[in-house]
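Asker: this is a predicted model, with the sequence first.
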Amino acid sequence: MKILALDLGTSSVRGLVLDDAQPLPGALARRRMAVTVDDEGAGTLDARAYLACLIECLDELHGQGWLDGVELVAISGQWHSVVPLGADDEPLGPVLTWLDTRPEPSATAVGPVDPDAFHQRTGTWWHRCYWSVRLPWLRVHTGDRVGRFTGLVEYVLGGLLTEAPMSMSQASGTGLLDLHTLDWDPEACALAGSDGADLPELAPRGWHGRLRAEYGRRWPALASARWTPPLGDGAASNVGSGCVDPTRAAVTVGTSSAVRLLQRMSTSAEPTALPHRLWRYRVDHDHVVTGVAYSSGGNLFAWADRELRLPTGRELEAALDLLPPDGGRPTNVRFGGDRPPGMRPAGLGELRGLGFGTTAVEMLAGLMYGVCEQVVDDLVVLESTVGRPVEVVLGGGAMAASSWWRRAFAAVLAPRPVHFARHPEIGATGAALVATGRIADAVVVADIGRTDDQDSATSA
């Protein structure tokens, strides 16, 4: 089956065409997105510009004939984003992404009555990353003009489709969903100051979307294609990495980084206890993903590449190969602050032990190793939920670009077996596999190999 996969990320929007979960060579359109960040903790996107970039990608694929024969559209999209809309359904301000650390409860706000029970039901905390804190903050900063709230993914799809309800996967990332009833949680909604009327409609099991007539005329090949419920990008990456059972955890490094474990958990199943340190979101109606996410990942490499005048490509990799796995320089990689449940703000990044002889590559290596170290303790907690050690599969664009980084992860995570998902498009592939009901095929499709596989290294 020919599938159009949309990857609605933070730093880019992409469309690519797959045949039987394999990307067709050249069938890729991409637009980079400008994330507005500042020292106050902002991390925002322009919703209208984002939609325009997605339309440009689809125009490009259509113009090159890649959309011909597409039967299904699968979507991987960023979790946690929110944009306030006015009565005309137009944005009243920028999109708050997961990067934004500004929202805080008011001085008089009171959190959940039973924080642990709240965590077990929603898989989240009363935290600035989630809508329970973000919606009241946005009302204060936007005024009384808010008609409703939606996620960036739903805003974009709402512009293209006849209807765009929020999938269970995306809804779980808001922090307002009861993971077991698959409905908005009353206490979480009360904390958000919502009666439910200003929240997105939830997609029922089996939902499929269709293009609006004007876009069906613009892209005739997609006029009859079925659009499937969007997956949170972390859930899609787990599936695309081949980590679809409790024996194997995914460590992915894209813009940010995360460690996650996917498990089958239907709504009728007795929920397993969720340790305080971990979040849990829905993949679909029958699966959940449990883990920890971090604000630092490939964005640290991007910062270093911009500011430290690094060598590029194979020259950089050769310079890294001369260094020990720990990089030799201690670091604090919290440049962007803590992801939940941590509360530390952005701007805490550190490079220590520097001297006049310290090179830019040594500083980069220290940062890269710091990203590896942050995973270790949380992986132990994650393993406690299944009662045994797990294998680890590395994935994401940053992992594909650096064999040194893969070897550093393997050293930090030893003695666990550590592998590498060589498939180049884990998010898009994961979304396609879930959309076609082929989660069980993920291990084969991921093409899991050694962490020192040089064939996957590309120019950074």
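Answerer: Looks like it arrived, so ask away.

Asker: torsion angles phi and psi at A318?
Answerer: Phi and psi for A318, reported as degrees, to the nearest 10, are phi -70, psi -40.

Asker: and it, how far from P165?
Answerer: 50 Å (Cβ to Cβ, to the nearest Å). Where C-beta positions appear, they are placed from N, C-alpha and C, glycine not excepted.

Asker: and those two? Which one has more around it.
Answerer: Using other Cβ atoms under 10 Å as the criterion, A318 and P165 rank with P165 on top: 18 against 12.

Asker: tell me the pLDDT at that one?
Answerer: P165 is assigned a pLDDT of 98 by the prediction.

Asker: hang on, it packs against P200?
Answerer: Yes: contact criterion Cβ atoms under 8 Å: P165 and P200 qualify, at 6.4 Å.

Asker: shared neighbours of those two, anything?
Answerer: E154 (Cβ atoms under 8 Å, 6 or more residues apart in numbering).

Asker: check which residues of the host helix or strand of V259 are buried.
Answerer: Assigned by DSSP states H and E, V259 belongs to strand 257-264. Using 16 or more other Cβ atoms under 10 Å as the test for burial, strand 257-264 gives 257-263.

Asker: farthest pair in those residues?
Answerer: Spatial extent of the buried residues of strand 257-264 (Cβ to Cβ) is set by the pair S257 and Q263 at 20.7 Å.

Asker: quick check: closest non-adjacent residue to S266.
Answerer: D286 (5.0 Å; Cβ to Cβ, 6 or more residues apart in numbering).

Asker: distance of that neighbour from V244?
Answerer: 12 Å.

Asker: these two: which is more packed in?
Answerer: V244 (27 against 15).

Asker: helix or strand right after the helix or strand where R121 lies?
Answerer: Here R121, judged by DSSP H and E, is contained in helix 115-122. Going down the chain from helix 115-122, the next helix or strand is helix 131-142, by DSSP H and E.

Asker: what about that next one, distance to the chain center?
Answerer: 22 Å (Cα atoms, centre = their mean, to the nearest Å).

Asker: tell me the angle of it relative to helix 115-122?
Answerer: 90 degrees (axes from the mean of the first three to the mean of the last three Cα atoms, to 10 degrees).

Asker: run through who's touching helix 131-142.
Answerer: Here helix 131-142 makes contact (Cβ under 8 Å, 6+ apart) with 82, 84, 92-93, 96, 102-106, 109, 124, 126-128, 146, 149, 174-176, 188, 191-194.

Asker: go with 7 Å
Answerer: Here helix 131-142 makes contact (Cβ atoms under 7 Å, 6 or more residues apart in numbering) with 82, 84, 92-93, 96, 103-106, 126-127, 146, 149, 174-176, 188, 191-194.

Asker: how about it: buried residues?
Answerer: 131-139, 142.

Asker: same question, stretch 101-109
Answerer: Buried positions in stretch 101-109, judged by neighbour count with 16+ other Cβ under 10 Å: 101-103, 105.

Asker: A27 in helix, strand or coil?
Answerer: strand (DSSP: H, G, I helix; E, B strand; the rest coil).

Asker: surely it touches L16?
Answerer: Yes: using Cβ atoms under 7 Å, A27 makes contact with L16 at a distance of 5.8 Å.

Asker: ok, residues contacting the helix or strand Y155 falls within?
Answerer: Assigned by DSSP H and E, Y155 belongs to helix 152-160. Contact with helix 152-160 is made by 8, 45, 47, 50-51, 54, 77-78, 81, 83, 95, 164, 166, 170, 200, 209, 211-212, 215, 230, as judged by Cβ under 7 Å, 6+ apart.

Asker: which ones are touching A398?
Answerer: A398 touches 253-254, 297-298, 301, 405, counting by Cβ under 7 Å, 6+ apart.

Asker: who wins for most neighbours among the residues you listed?
Answerer: For the contacts of A398, the largest neighbour count, defined by other Cβ under 10 Å, is 30 neighbours, found at V253.

Asker: helix or strand with the lowest mean pLDDT in the protein?
Answerer: Scoring the helices and strands of the chain by mean pLDDT, DSSP states H and E places strand 448-450 at the bottom, with a mean of 72.

Asker: state which helix of the protein is the longest.
Answerer: Ranked by number of residues, the top helix in the chain under DSSP state H is helix 360-384.

Asker: burial measure for R217, as a count.
Answerer: Counted by other Cβ under 10 Å, the residues lying close to R217 total 10.

Asker: mind checking pLDDT for the nearest residue in space to it that is not next to it in sequence?
Answerer: Once flanking residues are discounted, R217 sits nearest to A223: 7.6 Å by Cβ to Cβ, 6+ apart. pLDDT recorded at A223 is 97.

Asker: for G63, see how far away A223 is.
Answerer: Counting by Cβ to Cβ - A223 and G63 are separated by 16 Å.

Asker: and if you look at T122?
Answerer: Taking Cβ to Cβ as the measure, T122 falls 44 Å from G63.

Asker: and what of R339?
Answerer: Distance, R339 to G63, by Cβ to Cβ: 39 Å.

Asker: between those two, which has more neighbouring residues?
Answerer: Counted by other Cβ under 10 Å, R339 and G63 do not tie: R339 has more neighbours, with 22 against 11.

Asker: between the buried residues of strand 257-264, which is nearest M363?
Answerer: Distances from M363 to those, taken as Cβ to Cβ, are shortest for S257 (18.6 Å).

Asker: tell me the pLDDT at the nearest residue to that closest one once chain neighbours are set aside?
Answerer: Nearest residue to S257, sequence neighbours excluded (Cβ to Cβ, 6+ apart): G297, at 3.5 Å. In the predicted model, G297 carries a pLDDT score of 92.

Asker: show me what contacts G297?
Answerer: Going by Cβ under 7 Å, 6+ apart, G297 touches 253-257, 371, 398.

Asker: now R334, what's its secondary structure?
Answerer: With three-state DSSP as the basis, R334 sits in coil.

Asker: from A319, how far off is it?
Answerer: For R334, the distance to A319 - Cβ to Cβ - is 26 Å.

Asker: quick one: low-confidence parts of the stretch 351-460 of the chain?
Answerer: For the stretch 351-460 of the chain, the stretches with pLDDT under 70 are 450-460.

Asker: show me the helices in it, by range?
Answerer: 360-384, 397-401, 403-413, 426-435, 442-446 (DSSP state H, counting those that start in this stretch).

Asker: mind saving the C-alpha coords of the second one as PDB?
Answerer: What follows is helix 397-401 as a C-alpha-only set of coordinates in PDB (Å, rounded to 0.1, in the frame of the first residue of the first chain):
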ATOM      1  CA  GLY A 397      18.200  11.600  13.200                       C
ATOM      2  CA  ALA A 398      20.900  12.400  15.700                       C
ATOM      3  CA  MET A 399      21.700   8.800  16.200                       C
ATOM      4  CA  ALA A 400      21.900   8.100  12.500                       C
ATOM      5  CA  ALA A 401      24.300  11.000  12.100                       C
END
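
Asker: buried residues in it?
Answerer: So, applying 16+ other Cβ under 10 Å, buried residues of helix 397-401: 397-401.

Asker: I'm done for today, thanks for sticking with me.
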